[in-house]
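> no letters, just coordinates:
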């Protein structure tokens, strides 16, 4: 879990970069070299949507029992963990178009919205305004409102809205959630000071807001709001692209630091790097760009077996948790998906996204 830190605005950050320059540990960004030509594995060799649905359903009852109390909690720290269940159900709906997955995701997100209270009623809030929100006391935040926890959850809460729009499920429940997300999530934190709450000082923290803005830009019916969402997502996207370097240990892969303006090794830690990948997987980056991320996964982060690296330069060790981001690279690369088919660190979020990957790879 990433704690809150001091923040940089886009303008301040740009000025800081101009003044101090980049670290020199990793050369300035060049297009990663093409991977060695190889025939991608035929999709017939991949595990199917049905295979991964069966894996997902093994935890169906447990997910409901464990996640429902978190969805009703007024503490946003519980929503941080709940986000994985929402992502898994949205992915399963996208993979299968079965309404039971959409219904569960919708129930979880509606419960979270219902648990919100006016900021002015939250005793230890730093804001005390008229927006709705959640206080957090479970992780040392002293009852304050925490933009990280909310952004971590609502990147997938807003992904639910996109899935509902795509599935033409746009009734009253959809409209209420859209209004809630636009006003009591994005507008709230933007109005409280976007320089401090949205344009964050770490790549993964800003990526959460880029994904929220990207999702809301697709579903809003307000032209002014859409322009703002596109501006925010575009600004963070450009900065993220500017962070990328050719990986120092693998020329076909990307490297980046989590600290804006830095290229110092070891770079982004893999655990939080999931948040960056979760954004780029939905943001329409090119096939060549996604291939460089896939190469990072299969040649640097997870070179084989049960060896998992802790950082994107291939150093350190980690536990192989790829479920919140890196797993989503399988939908762009059949070779990466084939590797992921044998991954041993599996939970419901991983299984659901593998099902979606399989659907997309087979033209679904």
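Cool, the structure landed. Since this is a predicted model, take the numbers as computed values, not measurements.

> got a pLDDT number for the residue nearest to the spatial centre of the chain?
The central residue of the chain, meaning the one whose C-alpha is nearest the mean C-alpha position (C-alpha atoms, centre = their mean), is residue 278 at 3.4 Å. Per-residue confidence for residue 278 comes out at a pLDDT of 98.

> what does residue 6 give?
The per-residue pLDDT reported for residue 6 equals 29.

> likewise for residue 42?
Per-residue confidence at residue 42 stands at 70 (pLDDT).

> which residues touch it?
With C-beta atoms under 8 Å, 6 or more residues apart in numbering as the criterion, the residues that contact residue 42 are residue 334. For every residue, glycine as well, the C-beta is placed using N, CA and C.

> looks like residue 79 contacts residue 73 (just checking).
Yes - between residue 79 and residue 73 there is a contact under C-beta atoms under 8 Å: 7.2 Å.

> more neighbours: those two, which one.
Neighbour count, other C-beta atoms under 10 Å: between residue 79 and residue 73, residue 79 has more, with 28 against 18.

> element containing that one?
Under the criterion of DSSP states H and E, residue 79 resides in helix 76-96.

> what helices or strands is that helix leaning on?
When contacts are defined as 3 or more C-beta pairs under 8 Å, 6 or more residues apart in numbering; DSSP states H and E, helix 76-96 sits against helix 49-57, helix 60-71, helix 99-114, helix 147-166, helix 348-361.

> any low-confidence regions in the protein?
Of all residues in the chain, those with pLDDT under 70 make up the ranges 1-24, 27-31, 33-41, 364.

> return the residues in contact with the nearest residue to residue 254 once chain neighbours are set aside.
Taking C-beta to C-beta, 6 or more residues apart in numbering, and ignoring the residues beside it in sequence, residue 254 has residue 292 as its nearest neighbour in space, at 4.7 Å. By C-beta under 8 Å, 6+ apart, the contact set of residue 292 is 32, 252, 253, 254.

> now go through these and say which are in strands.
Of the positions in the contacts of residue 292, residue 254 sit in strands, assigned by DSSP state E.

> tell me which of the contacts of residue 292 is nearest to residue 318?
Distance from residue 318 was checked for each of the contacts of residue 292 by C-beta to C-beta. The minimum falls on residue 253, at 16.6 Å.

> how near is the closest one to residue 140?
With distances taken as C-beta to C-beta, to the nearest Å, residue 253 is found 36 Å from residue 140.

> any idea how far residue 222 lies from residue 216?
Here residue 222 is placed at a distance of 10 Å from residue 216 (C-beta to C-beta).

> now do the shared contacts for those two.
With C-beta under 8 Å, 6+ apart, residue 222 and residue 216 have common neighbours residue 182.

> who's more crowded, these two?
Between residue 222 and residue 216, counting by other C-beta under 10 Å, residue 216 is the more crowded of the two (26 against 11).
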